[in-house]
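S.K.: Predicted model and sequence below, questions to follow.
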Amino acid sequence: MSINFDEIIDRRGTSCLKYDFAVERGYPKDVLPFWVADMDFRAPVPVIDALAARTAHGIFGYTQIKDDYFNVLRDWFRTHHAWTVQRGELVITPGVVFAVATAIRAYTAPGEAVIIQQPVYYPFASMIRQNGRTLIDSPLQFADGRYSIDFADFEQKIIDHKVKLFILCSPHNPVGRVWTRAELEQLAAICLRRHVIVVADEIHEEFVRPGFRHIPFASLSADAAAITVTCTSPSKTFNLAGLQISNIFISNESLRRRFKEELSRTGYDEPNTLGLTGAKAAYEHGAPWLKELLAYIEENYAFTKEYLAAHLPKVKLIEPEGTYLIWMDFSAYGLSDKALNEKVIREANLWLDDGPIFGAGGSGFQRMNLACPRSTLQIGLECLAKAFA
């Protein structure tokens with residue numbers, strides 16, 4: 001298989017959030033977007049073929065999962081992550097953020113505390129607040145260009161605020177850390193000791209750079225699995241976000257029952273017919289495509305690193321270990337966050353994700369999506385260099 005990831009595919013006019021809603025969100029109509037984490041690449045051909053075959057039938061009724069769907073998932077996680085999942089653990093939701101919000105309501109009462117590690121994927125904070133819970137932040141430590149966990153702060157805040165739930169981002173978005181087994185085991189030990197349930201957002205699990213390995217939190221031990229809700233989805237891996245299908249694994253029967261009860265209260269029941277079709281085809285036949293994709297994104301990263309060093313040396317690129325997103329430090333320019341973001345938008349004509357939306361520690365940073373053709377990436381970097389010349 002040889003995929004042409006250099007192909008430019010015009011996404012405008014497809015009701016695409018990334019390209020078609022700039023004006024509605026306050027950006028110039030012709031802004032070049034590198035913000036939302038979807039890719040400018042076609043999904044794997046087997047997925048497209050499976051969807052075409054399903055739509056040819058012409059009837060799109062209600063559906064449920066069958067054993068053949070679970071078997072494909074089981075084989076994927078066993079092969080790619082040395083993690084064995086069971087049929088009864090699987091719960092389908094329309095998305096990971098939906099699952100996070102469901103877990104917040106299922107395992108905490110209004111006003112109770114939920115802990116996160118900022119800067120982190122911003123819907124975590126909004127779901128905590130919008131569901132009437134108390135947000136507790138144990139900020140990641142940043143030193144010598146690398147992020148780490150302050151375990152003492154993490155545990156003390158759990159004690160002080162009687163935290164009931166921890167939302168883990170693994171691999172971490174936006175800082176790009178792929179947590180080591182030792183780090184995850186230390187988090188698990190604290191959460192077990194303090195009776196904290198863990199919602200592990202592992203949606204970027206396949207995007208791990210050479211030399212690193214993603215370890216599912218629930219695979220650490222039976223005890224860790226018993227307190228974990230693992231959120232996975234083909235949406236990032238195979239660029240299927242619009243199909244709205246996520247696979248949530250909960251081994252603890254009590255936690256799974258409470259999650260499903262809350263899920264039922266939302267009115268959600270049957271999954272998306274095309275979502276199941278696309279996900280099954282992706283996990284069953286998409287591995288060769290993913291292998292080539294990861295190699296292409298790694299080349300995009302190397303290109304970006306070299307370009308920034310040559311043309312924007314004041315921008316400090318945080319070396320990512322995972323995801324297809326980069327976290328860039330612009331603080332050397334001495335601009336306020338508002339001035340920095342305006343410069344990126346108005347002078348570079350780029351739509352990036354502004355660091356402060358990720359919470360504490362995001363000031364002075366911008367997040368950029370590398371999952372695009374290299375020529376598109378080069379144009380974006382040139383626009384950035386010109387604006388900051």
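M.R.: In hand now; what should we look at? Numbers count the residues shown, from 1 in each chain.
S.K.: ok, then the element right after the helix ranked longest in the chain?
M.R.: In the chain, taking DSSP state H as the definition, the longest helix is helix 287-311. Under the assignment DSSP states H and E, the closest C-terminal helix or strand after helix 287-311 is strand 316-318.
S.K.: Parallel or antiparallel, which strands does the very next helix or strand once past that next one pair with?
M.R.: Downstream of strand 316-318, the first helix or strand assigned by DSSP H and E is strand 325-329. The pairing partners recorded for strand 325-329 under DSSP bridges are strand 316-318 (antiparallel), strand 365-369 (antiparallel).
S.K.: Quick one: mean pLDDT over the shortest one.
M.R.: Right, the one you point to is strand 316-318. Averaged across strand 316-318, the pLDDT comes to 97.
S.K.: What residues sit buried inside that strand?
M.R.: 316, 317, 318 (16 or more other Cβ atoms under 10 Å). Just so you know, the C-beta spots here come from the backbone N, C-alpha and C atoms, and that holds for glycine as well.
S.K.: Return the member of those residues nearest to residue 269.
M.R.: Here the nearest of those to residue 269, counting by Cβ to Cβ, is residue 318; it sits at 41.7 Å.
S.K.: so that closest one bridges to which residues?
M.R.: So, taking DSSP bridges as the rule, residue 318 has residue 327 as bridge partners.
S.K.: distance of residue 377 from residue 124?
M.R.: 28 Å (Cβ to Cβ, to the nearest Å).
S.K.: So which of those two has more stuff around it?
M.R.: residue 124 (27 against 21; other Cβ atoms under 10 Å).
S.K.: what's the helix or strand where the more buried one lies in contact with?
M.R.: Following DSSP H and E, one finds residue 124 within helix 123-130. Applying Cβ atoms under 8 Å, 6 or more residues apart in numbering, the external contacts of helix 123-130 come out as 97, 100-101, 104, 114, 116, 118, 134-135, 167, 169, 201, 359.
S.K.: At which residues are the strands of the stretch 101-250 of the chain located?
M.R.: Using DSSP state E, counting those that start in this stretch, the strands of the stretch 101-250 of the chain run over 113-116, 134-137, 141-143, 146-148, 165-169, 197-201, 228-232, 246-250.
S.K.: Pick the most buried one from those strands.
M.R.: Mean neighbour count (mean count of other Cβ atoms under 10 Å) peaks for strand 228-232 among the strands of the stretch 101-250 of the chain, with a mean of 27.
S.K.: Run through the neighbouring helices and strands of it.
M.R.: Strand 228-232 sits against helix 96-107, strand 197-201, strand 246-250, with contacts defined as 3 or more Cβ pairs under 8 Å, 6 or more residues apart in numbering; DSSP states H and E.
S.K.: and those as TSV, adding distance to residue 73?
M.R.: Output for those, formatted as TSV (distance: least, Cβ to Cβ, whole Å):
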stretch	distance to residue 73
helix 96-107	15
strand 197-201	16
strand 246-250	6
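S.K.: Figure out which of the ones you listed is closest to residue 79.
M.R.: strand 246-250 (15.3 Å).
S.K.: isn't residue 29 right up against residue 19?
M.R.: No. Contact criterion Cβ atoms under 8 Å: residue 29 and residue 19 do not qualify, at 10.3 Å.
S.K.: neighbour-wise, which of these two wins?
M.R.: The neighbour count for residue 29 versus residue 19, taken as other Cβ under 10 Å, is higher for residue 19 (18 against 8).
S.K.: Quick check: pLDDT value at the more buried one.
M.R.: With respect to pLDDT, residue 19 scores 96.
S.K.: go on, residue 102?
M.R.: pLDDT at residue 102 comes out at 98.
S.K.: what would the strands paired with strand 325-329 look like in CSV with distance to residue 59?
M.R.: Putting those into CSV (distance: least, Cβ to Cβ, whole Å) gives the following:
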stretch, distance to residue 59
strand 316-318, 49
strand 365-369, 37
